[in-house]
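# the sequence isn't on hand, but the structure is:
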């Protein structure tokens, strides 16, 4: 067994010194970590956002209700002959404007002319027979007074004269009927209007009442729409309304409420309303959609703004700059115009309204004005 060697004094002293140095270095590291970091320099103040402001202009406007409906012709009719025959002539074309009484088409009049001639001959014959019978009756009446003929002969000749007179009247009636049938071989426009449809060719045999032409009166259109039951009492017949086409940039402020029916549509429970829309210049197209702004009260002072200044989050409102701060002003929209404008009611004049407001704006936000 080998004897155990004890460490020398030099080794013990060296180990102790190394441990002391390690402890000192660890303590310095902890002290450095616990020391507070140096303070950062303060950042510069944030500049207020810049906004563009506009001033509203004052107009007279009334509370209104926007509705949508369809434009119909003031009059529209499918036109055809009252009698049958062969279509001989078409005197008009599709899209042509006609006046009341203008001839649209004609049937072949050959048979009708012959019937008129026959009826005229029958009238002439009946007239001659009636004249002769009347002369015989008058002569027999004088002879009867002188005793030349019996009372029976006198009464018989009088009855024959009356019968001949009746036959003459019947012949004249048949002549009038034949002439009326002949006139109906000329188809005439029943009112002023525009031809929407017409036959493209002639020669076909048409039956009485067969529709051949579609005629519409387009100088005035009728817009048919509906309103809620609650608005019916506020809408007045004869009041003006603004109407604009849905598919085209045309409008008029001269439309008029013509009819407000006292009975609701059973399917929608809404009240039918008709508006007369002037269209002498043909700006509107029949059978298309249109929007109308119905007036619901007396005109009052309102303000016109670009639609870009209106915010709709949590109700219609605008932002107004006052003393370098913005404040919210609630408004009531009366009308939305096609030119990108809105007509609104506000509690006070809108002098410095923020155009194109951002969602970052809030009550009291400091802003700078361009």
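It's in. This one's a predicted model, so the numbers in the text were calculated from it and none came from an experiment.
# ranges for the strands of the stretch 151-300 of the chain?
Read by DSSP state E, counting those that start in this stretch, the stretch 151-300 of the chain holds these strands, from start to end of the chain: 186-188, 193-197, 205-206, 213-227, 240-245, 251-260, 271-278, 289-295, 300-306.
# using TSV, lay out those strands together with distance to residue 77, mean neighbour count and mean pLDDT.
The C-beta positions use only the backbone N, C-alpha and C, and glycine is treated the same way. TSV is the format used below for these (distance: least, CB to CB, whole Å; neighbours: other CB atoms under 10 Å; pLDDT from 0 to 100):
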stretch	distance to residue 77	mean neighbour count	mean pLDDT
strand 186-188	12	18	96
strand 193-197	8	19	96
strand 205-206	17	15	94
strand 213-227	5	20	97
strand 240-245	24	20	92
strand 251-260	20	16	95
strand 271-278	18	20	97
strand 289-295	22	21	92
strand 300-306	43	17	90
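# and those strands as JSON lines, adding distance to residue 312?
Listed next are those as JSON lines, based on distance: least, CB to CB, whole Å:
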{"stretch": "strand 186-188", "distance to residue 312": "57"}
{"stretch": "strand 193-197", "distance to residue 312": "43"}
{"stretch": "strand 205-206", "distance to residue 312": "60"}
{"stretch": "strand 213-227", "distance to residue 312": "23"}
{"stretch": "strand 240-245", "distance to residue 312": "21"}
{"stretch": "strand 251-260", "distance to residue 312": "24"}
{"stretch": "strand 271-278", "distance to residue 312": "27"}
{"stretch": "strand 289-295", "distance to residue 312": "19"}
{"stretch": "strand 300-306", "distance to residue 312": "13"}
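# what packs against the helix ranked longest in the chain?
Longest helix of the chain, by residue count under DSSP state H: helix 110-146. Contacting helix 110-146 under the criterion 3 or more CB pairs under 8 Å, 6 or more residues apart in numbering; DSSP states H and E are the following elements: helix 151-183.
# counting neighbours, what do you get for residue 200?
8 (other CB atoms under 10 Å).
# for residue 155, same thing?
By other CB under 10 Å, neighbour count at residue 155 equals 14.
# tell me the contacts of it?
With contact set as CB atoms under 8 Å, 6 or more residues apart in numbering, residue 155 has no partners.
# now the longest helix of the chain: mean pLDDT?
Confidence for helix 110-146, expressed as mean pLDDT, is 90.
# ok, now stretch 307-323?
Mean predicted confidence for stretch 307-323 is 92.
# could you list the residues in contact with it?
With CB under 8 Å, 6+ apart, stretch 307-323 has contacts from 51, 53-54, 305, 326-333, 336, 340-342, 344, 346, 350-357, 359, 361, 367, 369.
# how close does residue 269 sit to residue 229?
Separation of residue 269 from residue 229 (CB to CB, to the nearest Å): 7 Å.
# burial of the closest residue to residue 172 other than its chain neighbours, as a residue count?
Excluding its sequence neighbours, the residue lying closest to residue 172 (CB to CB, 6 or more residues apart in numbering) is residue 123, at 5.3 Å. Residues lying near residue 123 (other CB under 10 Å) number 20.
# pretty sure residue 123 contacts residue 175?
Yes - taking CB atoms under 8 Å as the definition, residue 123 is a contact partner of residue 175 at 5.0 Å.
# tell me, how many residues neighbour residue 130?
Residue 130 has 21 nearby residues by other CB under 10 Å.
# looking at the strands of the stretch 151-300 of the chain, which is nearest to residue 99?
strand 193-197 (8.9 Å; CB to CB).
# which elements pack onto the closest one?
Counting by 3+ CB pairs under 8 Å, 6+ apart, strand 193-197 packs on strand 97-98, strand 213-227.
# list the buried residues in the longest helix of the chain.
Neighbour-count burial for helix 110-146 flags 112, 115-116, 119-120, 122-123, 126-127, 129-130, 133-134, 136-137, 140, 144 (criterion: 16 or more other CB atoms under 10 Å).
# same check, this time on stretch 74-89
Result for stretch 74-89 [16+ other CB under 10 Å]: buried residues 74-77, 79-81, 83, 85, 87.
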